[in-house]
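**Q** got a predicted model here, sequence first, then my questions.
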Amino acid sequence: MKVLVVGNGGREHALAWKIKQSPLLSKLYVAKGNAGIWKIAQKVDINPTDVEKLVDFAKREKINLTVVGPEQPLSEGIVDAFEKAGLKIFGHRKNAAILEASKVFAKNFMKKYNIPTAFYETFDNEDDAIEFIKKMGTPIVIKADGLAAGKGVVIANTEEEAVETVKSMFRGLFGEASKRIVIEEFLEGEEASYIAMVDGENLVPMATSQDHKRVFDGDKGPNTGGMGAYSPTPVITPEIEKQILEKIMYPTLKGMKAEGRPMRGFLYAGLMIGPKGINVLEFNVRMGDPETQPIMRRLRSDLLQHMIDILDGKIEQVTPQWSEDWSIGVVMASKGYPGKYEKGFEITGIDKAEKDPDIVVFHAGTDIKEGKIVTAGGRVLTVTATGKTLLEAKEKVYRAVEKIHFEGAHYRKDIGDKGLKRLHHL
């Protein structure tokens, strides 16, 4: 089979790495990819959002399956275009991708179908939003309605910060994405990611994981696209998983189908588990980044086969096999990320880190210049390790991170600690 992976980041490298292991695969392509993916897949010089060109390429090369990594092409209708051309593609249609593409849609949808989520209001002007903040008090959460690469959520701890955030969003901080905003109550607790493969009515859970959104240790600083993750996460106990399926995942599939927006692809619920029970912070219509990286390290079975079975209406045959090992991924980011950063710094030490067979380095913002691997994005690499215990995986991953160098590299040093606390290791 010929397979095309669409996307440029760490998530796409991990998906490509896993697909590459399938005996069904004859040739792997990536549009557009990064320095790491190009080692295992043929580069296709088309941007992930250039849907027409991607359709033409897939037709010409007789691609048997296209797998979409990021949310942007999904929300712009890549799946609809491929299906219209008679091409197989794993991902949600545009009318289902709105669950991630519009926070306002998602919140109103959850309210309608009684899916637990924080109390909220939506706004399209400054004055009403500021009045609401004064009434609610802080901390409070402010979200841009549209897609903002994981950065469109601000947790404001003071009224001043909340008002500033609202003003900057309405004045174009995220362009079109922040023309409308959602303001919601701040929920206490611990975040977790729950991801499943879905076919409109049924679902197959992926391994659980926990992302770390804030840029600095101890969950300090602004939100990012994610600074690291580990799998499984002890915060999702079997009892909690049962509740997630009954109160969140199945009602979402059912509700979206009832709205004429059936879902097929990856469905991701970002959850807050705390004193107010289990609440949905956000839905995503694709695998998480960086959660995909540690999750793929634990997947023993054939991802490509699973996706084909789901597209062929045989989801009941899909039974992913998971390693008993723990897996952890640490994001190495450019200096200044999630704000402004420079690109083009040489990266060294990846080969040294990967001498340990339990280490795999997934590339995100990387490129090749004059034969050297250089930085080309905010999140540059996700270094992953597996171990018999979470502590062992954590120790290994940080030993590997220390072997890799590029100008201004920064990373969190506490990925996995929340899990270790729950397991009483800290």
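**A** Arrived safely. In this text the structure is predicted, and so the values were computed from the model without any measurement. Residues are numbered from 1 along each chain as shown.
**Q** F90 pairs with what?
**A** V67 (DSSP bridges).
**Q** who's in contact with the closest residue to M307 other than its chain neighbours?
**A** Of all residues not flanking M307 in the chain, F90 sits nearest, at 4.6 Å (CB to CB, 6 or more residues apart in numbering). Any C-beta I mention is one placed from the backbone N, CA and C, and that applies to glycine too. Going by CB atoms under 8 Å, 6 or more residues apart in numbering, F90 touches L65, T66, V67, V68, R264, G265, M307, I310, L311.
**Q** kindly list the main-chain dihedrals of the fifth one?
**A** Listed backbone geometry of R264 is phi -140, psi 120, with angles given as degrees, to the nearest 10.
**Q** how close does it sit to A353?
**A** According to CB to CB, to the nearest Å, R264 stands 37 Å off from A353.
**Q** would you check how far apart A156 and M110 are?
**A** Taken as CB to CB, the span from A156 to M110 is 22 Å.
**Q** report the central residue of this protein.
**A** G288 (1.8 Å; CA atoms, centre = their mean).
**Q** and that one, what's its pLDDT?
**A** You'll see G288 listed with a pLDDT of 94.
**Q** now do H425
**A** Reported pLDDT for H425: 57.
**Q** cool, S168 as well?
**A** 88.
**Q** next SSE downstream of the one helix or strand it maps to?
**A** Counting by DSSP states H and E, the element that carries S168 is helix 159-170. Toward the C-terminal end, the helix or strand that comes next after helix 159-170 (DSSP H and E) is strand 181-185.
**Q** quick one: buried residues of that following strand?
**A** I181, V182, I183, E184 (16 or more other CB atoms under 10 Å).
**Q** now do the nearest residue to the last one once chain neighbours are set aside: how many residues are near it, please.
**A** This means E184. Leaving aside its sequence neighbours, E184 sits nearest to Y120 (CB to CB, 6+ apart; 3.7 Å). Neighbour count for Y120, taken as other CB atoms under 10 Å: 18.
**Q** how much space separates Y120 from K167?
**A** Distance from Y120 to K167, by CB to CB: 19 Å.
**Q** please apply the same query to D417.
**A** According to CB to CB, D417 stands 35 Å off from K167.
**Q** and those two? Which one has more around it.
**A** The residue with more neighbours, out of D417 and K167, is D417; 18 against 13, by other CB under 10 Å.
**Q** tell me the confidence at that one?
**A** 95.
**Q** one more: G270?
**A** 94.
**Q** quick one: secondary structure of it?
**A** strand (DSSP: H, G, I helix; E, B strand; the rest coil).
**Q** beta partners of it?
**A** Beta-bridge partners of G270, as defined by DSSP bridges: S193, E282.
**Q** settle this for me: it is touching L187, isn't it.
**A** No. Contact criterion CB atoms under 8 Å: G270 and L187 do not qualify, at 11.5 Å.
**Q** which residues do those two both contact?
**A** The contact lists of G270 and L187 share L281, where a contact means CB under 8 Å, 6+ apart.
**Q** contacts for stretch 157-173?
**A** Residues contacting stretch 157-173 (CB under 8 Å, 6+ apart): 123, 125-126, 129-130, 133-134, 137-140, 142, 144, 154, 156, 178-179, 181, 183.
**Q** of the residues you listed, grab the buried ones for ChimeraX.
**A** In ChimeraX syntax, the buried subset of the contacts of stretch 157-173 is picked out as below (16+ other CB under 10 Å):
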select :123,129,130,133,138,140,142,144,154,156,178,181,183
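**Q** so F362 belongs to a strand, correct?
**A** Yes. Assessed with three-state DSSP, F362 lies in a strand.
**Q** can you offset everything so residue one is 26?
**A** Will do, 26 is the new start, and the previous item becomes F387.
**Q** touching, it and W42? I think so.
**A** Yes. With contact defined as CB under 8 Å, F387 counts as touching W42 (7.1 Å).
**Q** looking at those two, which is more packed in?
**A** F387 (30 against 24).
**Q** A174 in helix, strand or coil?
**A** coil.
**Q** tell me, how many residues neighbour it?
**A** 14.
**Q** so what's it scoring on pLDDT?
**A** We have a pLDDT of 70 for A174.
**Q** shaky segments in this protein?
**A** 175, 450-451 (pLDDT under 70).
**Q** now with 90?
**A** Applying pLDDT under 90 to the chain picks out residues 146, 150-152, 156, 160-162, 169-180, 185, 189, 193-205, 247-250, 449-451.
**Q** what's the domain layout of this protein?
**A** The chain resolves into domains spanning 27-119, 144-210, 215-342, 351-447 when parsed by automatic domain parsing.
**Q** quick one: distance of the helix or strand encompassing V405 to the chain centre.
**A** In this assignment (DSSP H and E), V405 forms part of strand 404-412. Distance of strand 404-412 from the chain centroid (CA atoms, centre = their mean, to the nearest Å) equals 15 Å.
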